[in-house]
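Asker: just to be clear, the model below is a prediction. Sequence and coordinates:
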Amino acid sequence: MTQTFGRNTWIGMKRGLARRCPHCGEGHLFQGYLKVQPICEVCGHDNGAYRADDGPAYFTILIAGHLLITPLAAFPIIWTWNPLITAAVAVPLTAAAALGLLAFVKGAFIGVQWAMQPATA
């Protein structure tokens with residue numbers, strides 16, 4: 001289902017991934033790294049109405065874990081490494097990936113919420 005209440009879910013996700021206002025696609029969605037700009041400076045849409053809470057963090061860890069930790073467990077050569085070396089490589093890499101992905105995932109999460117709301121304008 002990509003069409004909800006007259007709004008396209010994929011368009012909302014795409015605009016959110018670009019960290020743009022899901023309503024117009026022009027204004028900035030965030031004031032800083034993760035703080036949602038309450039009102040879009042271009043179209044005036046109320047972006048502060050969307051509650052992201054822990055959802056983006058959950059999906060970010062899910063994505064980062066599948067992209068980084070799963071391959072570490074799949075390669076037998078890594079099983080022969082010293083666990084401290086494996087941790088020294090995996091932990092910073094996973095943290096950097098999670099921090100890098102978090103704003104984009106939060107934007108997409110807000111874009112999906114935008115698509116799920118009834119269109120008013």
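Answerer: Great, that's in hand. Residues are numbered from 1 along each chain as shown.

Asker: low-confidence ranges in this protein?
Answerer: Along the chain, the parts satisfying pLDDT under 70 run over 1-6, 119-121.

Asker: would you list every one of the strands in the protein?
Answerer: For the chain, the strands defined by DSSP state E occupy 3-4, 7-8.

Asker: isn't Ile110 right up against His23?
Answerer: No - with contacts counted by C-beta atoms under 8 Å, Ile110 stays clear of His23, the gap being 10.5 Å. C-beta here means a position set from N, CA and C on the backbone, and glycine is covered the same way.

Asker: neighbour-wise, which of the two wins?
Answerer: Ile110 (27 against 24; other C-beta atoms under 10 Å).

Asker: now the common contact residues for Ile110 and His23.
Answerer: Common contact partners of Ile110 and His23 (C-beta atoms under 8 Å, 6 or more residues apart in numbering): Asn47.

Asker: for the spatially closest residue to Cys24 that is not a sequence neighbour, grab phi and psi.
Answerer: Excluding its sequence neighbours, the residue lying closest to Cys24 (C-beta to C-beta, 6 or more residues apart in numbering) is Cys43, at 3.9 Å. Main-chain dihedrals, Cys43, degrees, to the nearest 10: phi -110, psi -10.

Asker: contacting residues for Cys43?
Answerer: Cys21, His23, Cys24, Glu26, Gly27.

Asker: how much space separates the third one from Gly12?
Answerer: With distances defined as C-beta to C-beta, to the nearest Å, the gap from Cys24 to Gly12 amounts to 11 Å.
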